[in-house]
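Chemist: what's the 3D shape of this:
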Amino acid sequence: VQLQASGGGLVQAGGSLRLSCAASGRIFRINVMGWYRQAPGKQRELVGSITPSGGSTYVDSVKGRFTIARDNAKNTVYLQMDCLRPEDAAIYFCVMNVVPLTFIPQEYWGQGTQVTVSS
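Modeler: Reported below is the predicted structural model:
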């Protein structure tokens, strides 16, 4: 199983970006999907997560600005980021709890995508 993230880049404060992360491989089911971020000198933090039925949670700092969504048919998770702030700049990582065809759940991480926000 591999996760491929895309969509990062440079944006001005107040702008928007949409991140995508697609899983591929011998997948039976994907449980929770989520996004983490890590800024230089800071610990990695959970930005948001989404259950298979669509229930989502967010860290307080992004509530009302970020939206996480998933397409179960495409094994893909999205992160719509609006009203971006300089403090949102970080490397963003997708993570999925995947049940492969071995039926042994495992956590998989994407390679990270850089988000830069200019003030």
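Chemist: How about the contacts made by Gln111?
Modeler: Contacts for Gln111 were tallied using Cβ atoms under 8 Å, 6 or more residues apart in numbering; they are 3-5, 93. In short, each C-beta sits where N, CA and C put it, glycine included.
Chemist: Buried ones from the residues you listed, can you make that a ChimeraX selection?
Modeler: The following ChimeraX line selects those of the contacts of Gln111 that are buried, judged by 16 or more other Cβ atoms under 10 Å:
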select :3,5,93
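Chemist: Let me have the contacts of Gln111 in TSV, extended by pLDDT.
Modeler: Shown next, in TSV, are those (pLDDT from 0 to 100):
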residue	pLDDT
Leu3	98
Gln4	97
Ala5	97
Phe93	98
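Chemist: Of the contacts of Gln111, just say which sits nearest to Ser53.
Modeler: The closest of the contacts of Gln111 to Ser53 turns out to be Leu3 (Cβ to Cβ; 20.9 Å).
Chemist: Which element, helix or strand, includes the closest one?
Modeler: Element membership of Leu3, judged by DSSP states H and E, is strand 2-6.
Chemist: What helices and strands are in contact with that strand?
Modeler: Using 3 or more Cβ pairs under 8 Å, 6 or more residues apart in numbering; DSSP states H and E, the elements in contact with strand 2-6 are strand 17-24, strand 90-100, strand 106-109.
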